[in-house]
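J.: Give me the fold of what follows.
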Amino acid sequence: MSSFSSRHGGMRSLDWLTLGACLWIFASMALAHEGHAPQPQPAPPTMASGAGTRDAQTWFTDTLLKDQNGRELRFYSDVLKDKVVMLNVIFTHCNDACPLITRKLREVREAMGPQLAAQVTFVSLSSDPLNDTPEVLKAFAEKQGVDGPNWLFLTGDKARVDLVLGRLGQFLPSPEQHSTQLIAGDVAGKRWSKIRPDAPPAAIAQRLQLLAQPLSGR
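T.: Sure thing, here's the model as predicted:
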């Protein structure tokens, strides 16, 4: 596990350009599904100039997606802004890594305990939006025992989903070639970590606990 952080204070374009570059590196280093080799991936596009929240919103995009309950959510404003998040990518007809990682993250939530778990939003983005409708994602979440207010399964129009995944460094020729790397972040504090999906649940929970602590208290 490794992490990167930036100074506490006003956001600058350089902060978010660095974030974008790191997320791209994370994705290119990520574990691929068994039988699928990692694909060469282009660098993310340069983010527009500006500062503060505008930069964050521009980088991650405020793309309109849908969760497993059919609610329309904007990716930055409704999903990421001011939150501690755990991001991963799945597709529901996957028979190996996706259900295993989802169960691992369920164990992470259990290891965190109710109070800490309530401070972290888990976000699972579908790499197969053509098949993963909100209803299909809802069934998957219920089957895995993780359907709840602090766990979002996101899908939507393919072009919109591809845009969001691309900004996270995932340029996918097929659903199976998504990264299995976990990305944890304190969005407001600009602190991010890549986490291997085979890390122990207790270790992942500890990292999330650190990210949930206010910067002023560190």
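J.: ok, now which ones touch the residue nearest the centre of the chain?
T.: Centroid-nearest residue in the chain, with C-alpha atoms, centre = their mean: Leu87, separated by 1.9 Å. Contacts for Leu87 were tallied using C-beta atoms under 8 Å, 6 or more residues apart in numbering; they are 123, 125, 168, 182-185. Every C-beta, even on glycine, is put in place using the N, C-alpha and C of the backbone.
J.: just the helices in this structure please.
T.: Assigned helices in the chain, in chain order: 13-29, 53-60, 97-117, 134-144, 158-167, 201-212 (criterion: DSSP state H).
J.: Let me know which of the ones you listed is the nearest to Lys83.
T.: helix 201-212 (9.9 Å; C-beta to C-beta).
J.: which secondary structure elements does the closest one contact?
T.: Packing partners of helix 201-212 (3 or more C-beta pairs under 8 Å, 6 or more residues apart in numbering; DSSP states H and E): strand 84-90, helix 97-117, strand 182-186, strand 191-195.
J.: will you turn these into JSON lines that also has distance to Trp151 and mean pLDDT?
T.: Below are the helices and strands packed on helix 201-212 laid out as JSON lines (distance: least, C-beta to C-beta, whole Å; pLDDT from 0 to 100):
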{"stretch": "strand 84-90", "distance to Trp151": "9", "mean pLDDT": "97"}
{"stretch": "helix 97-117", "distance to Trp151": "8", "mean pLDDT": "95"}
{"stretch": "strand 182-186", "distance to Trp151": "14", "mean pLDDT": "95"}
{"stretch": "strand 191-195", "distance to Trp151": "17", "mean pLDDT": "91"}
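J.: For Asn150, find the nearest of these.
T.: Going by C-beta to C-beta, the one of those nearest Asn150 is helix 97-117, 6.7 Å.
J.: residues making contact with the closest one?
T.: 31, 33-34, 86, 88, 90-92, 120, 122, 124, 140, 144-146, 150-151, 180, 182, 197, 201-202, 204-205, 208-209, 212.
J.: And it, what's buried?
T.: 97-98, 101-102, 104-106, 108-109, 111-112, 117 (16 or more other C-beta atoms under 10 Å).
J.: can you list these in JSON lines and add distance to Thr155?
T.: Below are the buried residues of helix 97-117 laid out as JSON lines (distance: C-beta to C-beta, whole Å):
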{"residue": "Ala97", "distance to Thr155": "18"}
{"residue": "Cys98", "distance to Thr155": "14"}
{"residue": "Ile101", "distance to Thr155": "17"}
{"residue": "Thr102", "distance to Thr155": "15"}
{"residue": "Lys104", "distance to Thr155": "21"}
{"residue": "Leu105", "distance to Thr155": "18"}
{"residue": "Arg106", "distance to Thr155": "20"}
{"residue": "Val108", "distance to Thr155": "23"}
{"residue": "Arg109", "distance to Thr155": "21"}
{"residue": "Ala111", "distance to Thr155": "28"}
{"residue": "Met112", "distance to Thr155": "26"}
{"residue": "Ala117", "distance to Thr155": "23"}
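J.: closest to Asp78 among the residues you listed?
T.: Nearest to Asp78 among the buried residues of helix 97-117, with distances taken as C-beta to C-beta, is Ala117, at 19.6 Å.
J.: one step back: could you redo the helices of the chain as a markdown table and give each row distance to Gly70?
T.: Shown next, in a markdown table, are these (distance: least, C-beta to C-beta, whole Å):
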| stretch | distance to Gly70 |
| --- | --- |
| helix 13-29 | 28 |
| helix 53-60 | 22 |
| helix 97-117 | 20 |
| helix 134-144 | 5 |
| helix 158-167 | 15 |
| helix 201-212 | 28 |
